[in-house]
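>>> quick one: sequence and predicted model below, then my questions.
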Amino acid sequence: MIIQVAIAIPVNSLFDYLAPDGIDAISPGCRVLVPFGKHKKVGFVISTSENSDVNTDRLKPIIEILDTSPLISEKDIQLLSWASRYYHYPLGEVFSAAFPVSLRKGKKAQLSQEKHYKISAKGECLNPDQLKRTPKQKQIFELFLPPVTSLSSKQLSQQDKNWRPAVKSLLEKDLLTIELQAKALSHSASIPEKALQANEQQTQAINQLSAQLGQFSVTLLEGITGSGKTEVYMQVIQQVLDLGQQVLVLLPEITLTPQLEDRFKRRFSVGISRSHSKLTDPQRLSAWLEMQQGHSSILLGTRSALFTPLKKPGLIILDEEHDSSFKQQEGFRFSARDLAIVRGKILNIPVILGTATPSLESLYNAQNKRYQLLHLSERAGVAIKPQFLLFDIRNQQLQDGLSPPLIAQIKKTLAKKEQVLLFLNRRGFAPVQICHSCAWVARCHHCDTSLVIHFDERRLRCHHCGYQQHLSNQCPSCKTGELKPLGLGTERVEKSLHALFPTQKVVRLDRDSTQRKGALEEHLEQINQGKVDIILGTQMLAKGHHFPNVTLVAILDVDSGLFSIDFHATEKLAQLIIQVAGRAGRAEKPGKVILQTRQPAHPLLTVLLKDGYNSFAQSALVERQQAMLPPYSSQALLRVYATNPIDPQNLLKRVCEIIQNMETHNTLVLGPVSAPMAKRAGNYHFQLLLQNNQRKYLQLLLDQLIPEIYRLKEAKKVRWSLDVDPVDLY
Ligand code: ADP
Ligand code: ZN
Ligand code: ZN
């Protein structure tokens, strides 16, 4: 028997091995240890067959079968194989991405275990009265009598702090035995919170979603921030749990939304696991196995949690579906949103995509009736919608980005003892350091970019490669000029706020201020306890937080998002504005949202504020259609880089020649061009964009092209990658 094995190496083929002696069946989904070159590698069994393309004399036998039963199902193998074909990424690497690190390394697929004590066979025949001469032992022994089956150390300690000596004696007398059991999950609330009384729109959504359980469907739940989407999820989840099935909930970033996890824990008395990149590998392994073995019923996770095996799959929810963090931007560049739908289809279960600001792709699919569309257009409970104001800052005297009318609004809000949230999507003090007399600019030697001033640390840092140097005041070029900060970062605004409002507490939330473990949680805690007056931060703030006492939100610089060469930029800006605005006035107090701009008549801003996100999205879709951009076409971006600018261009020229000799079905070939930021971390980046109005033709082309690229000698000198459905042309 020949076993086809996927191995995590950058080669797009499977490897054939012989079954070990005496073994005549290995199930797909098991891991095996195989000889590979001079090394041993962990591989994943994909299939078995009678024959091989390779002469069987040259095949080597598998060294060891690592799992007695498959770790993932046939359907999940189907999913991963689909993903490998669609993203043109080696199957072994795709498999590897779906498994926790320790399983990739061949460790046992076993939950961590703990000791449990129970009555032995001999103990069963004992009348506890026979222990009356050792009263402590009698007392402890009686803790184990039915209906109790077994007790862990922790459970024993809860009943009697001093249990150890007695248990030791009972073990010696063979009256108790030890059993290893999977570590119990910390189950949530013993008395779960009741569901809220759903309002009319919620009820309608819940009813429609309930009707879809048990079969594949995709629903786009478009609900404004605070409209009670989470409540809808929870009521549908309850029905899935009642059917004895599991739910996979994918979020952009869990660490930023601890409130959601708390709500789930209060509501459901089932095992809830979580999986995201900040966890240790043993923690991720536990979550993976808890779902695989059915100990947990709910998994909250970020994009890579999509691949977690489910014993009894019932529902997949993707919250904030528009968020670009669902697209992996390096290595296996998959979209968790798109693959969630593929998985839902394979597993025949419903998929819910929720957001206040749907991606244009999802809206397009809803309009084409590929997805069901549900609306929640009112805020749930008592909260009312915020009011939007555009502040024209042309000819205004700005104080580090703050216009006088904005400062007045901040004062007014603070006087009412309400909180202010200021948004600026740039960390550091200022993005540029420039010489006042000769205009020299501090630039990164490794990247095509300027160095960012970090005043607190007295350093200049490159935000692209991590290069850093000391901050100096004197121009290295003309030796006399004074160096000045140019532009605005959160650190600079923070300083200004301290000067303007010396008695108020200001908290800055960005990657720098939350680097220390636990720092973010501390800041959030302070904000929620009302100890903070002004919250200032980057896009971290746009994601899912509830700040009930925030009634004024201001976006300091909208314009930086209005002019970008990437066609995705306007969509992202509109989503960001609505998401940040959604943080205002979530409780009973009305909120106000101020946008500072030098482009008060820009159509994006006027449509968005006057008619709402949906009108914006409709006009953006019209623009995309006129330009035949996604979702009206499909794209794939071939990126190449090397330490010299020649080799990448040579490869891309070669690729263009190959394409010219192929049937391309009118595929547009744009490039080769240098990447928008050509030099990064000492490498020269070039790219080639392929676009076709029909996805299948683009895929056909890639099917032929990618294996050719693997064979090209020009490809060996560079690093290259393919990005199917890129969300970022950078
Ligand atoms: P979203 O997820 O759409 O932002 P949430 O589900 O977080 O909205 O709901 C926003 C707030 O409204 C929460 O505080 C929630 O408890 C409350 N809420 C949701 N649904 C209801 C309801 N039917 N009745 C009363 N309050 C509700
Ligand atoms: Zn100078
Ligand atoms: Zn750099």
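On my side now, so go ahead. Numbering: from 1, shown residues only. Ligands and ions are numbered 1, 2, ... in the order given.

>>> going by C-alpha atoms from here, please, whenever you check contacts or count neighbours.
Fine.

>>> Gln635: neighbour count?
Close neighbours of Gln635, defined as other Cα atoms under 10 Å, add up to 25.

>>> got it, and the one 5 residues further on?
Each residue near Val640 was counted by other Cα under 10 Å, and the total is 26.

>>> so what's it up against?
Pro648, Leu652, His685, Phe686, Gln687, Val718, Arg719, Trp720, Ser721 (Cα atoms under 8 Å, 6 or more residues apart in numbering).

>>> near the first one, how many other residues are there?
When neighbours are counted by other Cα under 10 Å, Pro648 registers 26.

>>> can you give me the buried ones in the helix or strand hosting it?
Secondary structure assignment for Pro648, by DSSP states H and E: helix 646-660. Of all the residues in helix 646-660, those buried under the rule 16 or more other Cα atoms under 10 Å are Asp647, Pro648, Gln649, Asn650, Leu651, Leu652, Lys653, Val655, Cys656, Ile659.

>>> distance from the chain centre to the helix or strand immediately after that helix in the chain, please.
Remark: after helix 646-660, the chain's next helix or strand is strand 668-680, criterion DSSP H and E. Averaging C-alpha positions (Cα atoms, centre = their mean, to the nearest Å) puts strand 668-680 27 Å from its chain's average.

>>> where does this protein have low pLDDT?
Residue ranges of the chain with pLDDT under 70: 182-190, 255-257, 381-384, 544, 585-588.

>>> so which bits of it are right by ligand 3?
Selection of the chain residues close to ligand 3 by Cα under 5 Å from the ion yields Cys444, His446, Cys447, Cys462, His464, Cys465.

>>> mind redoing it with 6 Å?
Taking Cα under 6 Å from the ion as the test, the list of the chain residues beside ligand 3 reads Cys444, His446, Cys447, Cys462, His464, Cys465, Tyr467, Ala681.

>>> just the buried residues out of these, in PyMOL syntax.
To isolate the buried ones among the residues of the chain next to ligand 3 in PyMOL, judged by 16+ other Cα under 10 Å, type:
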select buried, resi 444+446+447+462+681
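
>>> and which of the residues of the chain next to ligand 3 is nearest Pro502?
Cys462 (31.3 Å; Cα to Cα).

>>> tell me how far that closest one lies from Ala569.
Note on Cys462: its distance to Ala569, by Cα to Cα, to the nearest Å, is 22 Å.

>>> Cys438 now?
Going from Cys438 to Ala569 by Cα to Cα gives 34 Å.

>>> got it, and Leu151?
The spacing between Leu151 and Ala569, counted by Cα to Cα, is 57 Å.

>>> ditto for Lys369
26 Å.

>>> pull the contacting residues for the residue with the largest distance to the centre of the chain.
Distance to the chain centre peaks in the chain at Arg133, reaching 61.2 Å (criterion: Cα atoms, centre = their mean). Under the criterion of Cα under 8 Å, 6+ apart, Arg133 has no neighbours.

>>> are we agreed that it is in a strand?
No - read with DSSP: H, G, I helix; E, B strand; the rest coil, Arg133 is coil and lies in no strand.

>>> before we move on, back to that, can you list the residues of the chain next to ligand 3 in TSV and add secondary structure?
Below are these laid out as TSV (three-state DSSP):
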residue	secondary structure
Cys444	coil
His446	coil
Cys447	coil
Cys462	coil
His464	coil
Cys465	coil
Tyr467	coil
Ala681	coil
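
>>> which one of the residues of the chain next to ligand 3 is nearest Asp338?
Taking the residues of the chain next to ligand 3 together and measuring to Asp338 by Cα to Cα, the closest member is His464, at 28.3 Å.

>>> list the residues that contact that closest one.
Counting by Cα under 8 Å, 6+ apart, His464 touches Cys447, Arg680, Ala681.

>>> was I right to think the first one contacts Gly682?
To tie it back to what came earlier, the one meant is Cys447. Yes - the pair Cys447 and Gly682 qualifies as a contact (Cα atoms under 8 Å) at a distance of 6.3 Å.

>>> burial check on Lys122, number of neighbours?
Using other Cα under 10 Å, Lys122 is surrounded by 12 other residues.

>>> how close does it sit to ligand 2?
Between Lys122 and ligand 2 the computed distance is 90 Å (Cα to the ion, to the nearest Å).

>>> quick check on that residue: phi, psi?
For Lys122, the backbone dihedrals (degrees, to the nearest 10) come out as phi -70, psi -40.

>>> go on, Ser564?
Torsion angles at Ser564 (phi, psi; degrees, to the nearest 10) stand at phi -140, psi 150.

>>> which one is Asp323 nearest to, not counting chain neighbours?
In this structure, Asp323 finds its nearest non-sequential neighbour in Pro252, 6.5 Å apart by Cα to Cα, 6 or more residues apart in numbering.

>>> ok, Lys610 to Thr480 distance?
The gap separating Lys610 from Thr480 is 51 Å, by Cα to Cα.

>>> same check, this time on Leu250
Distance of Leu250 to Thr480, computed by Cα to Cα: 55 Å.

>>> give me the neighbour count for the residue nearest to Ser210 when sequence neighbours are not counted.
Distances taken as Cα to Cα, 6+ apart put Val236 closest to Ser210, at 6.4 Å, once the chain neighbours are dropped. Using other Cα under 10 Å, Val236 has 21 other residues around it.

>>> what strand or helix carries Val236?
Per DSSP H and E: helix 229-242 holds Val236.

>>> just Leu608 next, same as before
With DSSP H and E as the test, Leu608 turns up in helix 603-611.

>>> now swap in Glu142 and tell me
Taking DSSP H and E as the criterion, Glu142 maps to helix 135-143.

>>> that helix packs against which elements?
Judged by 3 or more Cα pairs under 8 Å, 6 or more residues apart in numbering; DSSP states H and E, helix 135-143 is in contact with helix 164-172.

>>> what's the angle between the helix it packs on and helix 135-143?
Angle of helix 164-172 versus helix 135-143, following axes from the mean of the first three to the mean of the last three Cα atoms, to 10 degrees, is 70 degrees.

>>> isn't His546 right up against Arg583?
Yes - the pair formed by His546 and Arg583 meets the contact definition of Cα under 8 Å, at 6.3 Å.

>>> neighbour count: the two, which is higher?
Shown here are His546 and Arg583; by other Cα under 10 Å, Arg583 has more neighbours (27 against 21).
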